[in-house]
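Enquirer: attaching a predicted model along with its sequence, questions to come.
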Amino acid sequence: MRIKTSTPDLMVLTYNSTPVSVAMIGCTLAFASLGLTMATTGHLFAGLIGIASALLCITVFAATLRRIAVFLDREADQLTLRTRTWRGQTNLTYPLSYLGEAVVQTQNRNQTETYRLALRLTGGMDAGEHPMTWLFVHDTQAFDAADAINAWLMGPVDSMRAKA
């Protein structure tokens, strides 16, 4: 997740599954062109398999394409999780006091560690860790985002007391 905005009263983080989307578009084009080439050269069955594979790639593309935005709003005392997919948009809103901390979840496969950002909610019916992405990745953006969120949460405590 990338930090889009960070002020004392508002923090916005975004995630866009662009690399996965580009790979799926490439897969779709490759299978579609292979299928059409095979069909036009007389190999009808191989062409149909290529076209079916392209349709499968389109289905996987639609299922994995998602944009995620996390809004931490100190003035409104809200944590908003917004997810957009091809099917529509989902907004989940919680009181900011429910957010305990940001953590990094680690997965170890084949002696390689991968990471993803999760938010730990400490109140309400949804208490627990909520991953912000489906994918675990090799880069350290999850650590940077978790550190930024935790630092923002520890931010201007005096201004919050003054409003109360």
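Expert: Arrived safely. Residues are numbered from 1 along each chain as shown.
Enquirer: element containing Glu101?
Expert: strand 99-109 (DSSP states H and E).
Enquirer: same deal with Ala54?
Expert: helix 44-64.
Enquirer: how about Glu129?
Expert: Per DSSP H and E: strand 128-131 holds Glu129.
Enquirer: please apply the same query to Arg84.
Expert: Arg84 is part of strand 78-85, with elements assigned from DSSP H and E.
Enquirer: in the very next helix or strand once past the strand holding Glu101, what counts as buried?
Expert: Downstream of strand 99-109, the first helix or strand assigned by DSSP H and E is strand 112-121. Of the residues in strand 112-121, 115-119, 121 count as buried by neighbour count, 16 or more other C-beta atoms under 10 Å. All C-beta atoms are positioned from the backbone trio N, CA, C, and that covers glycine.
Enquirer: re the thing from before, partners of the helix or strand just after the helix holding Ala54, with directions?
Expert: Going down the chain from helix 44-64, the next helix or strand is strand 67-73, by DSSP H and E. Strand pairing for strand 67-73, using DSSP bridges, gives strand 10-16 (antiparallel), strand 78-85 (antiparallel).
Enquirer: deepest of those, which one?
Expert: Among the strands paired with strand 67-73, strand 10-16 has the highest mean neighbour count (mean count of other C-beta atoms under 10 Å), at a mean of 18.
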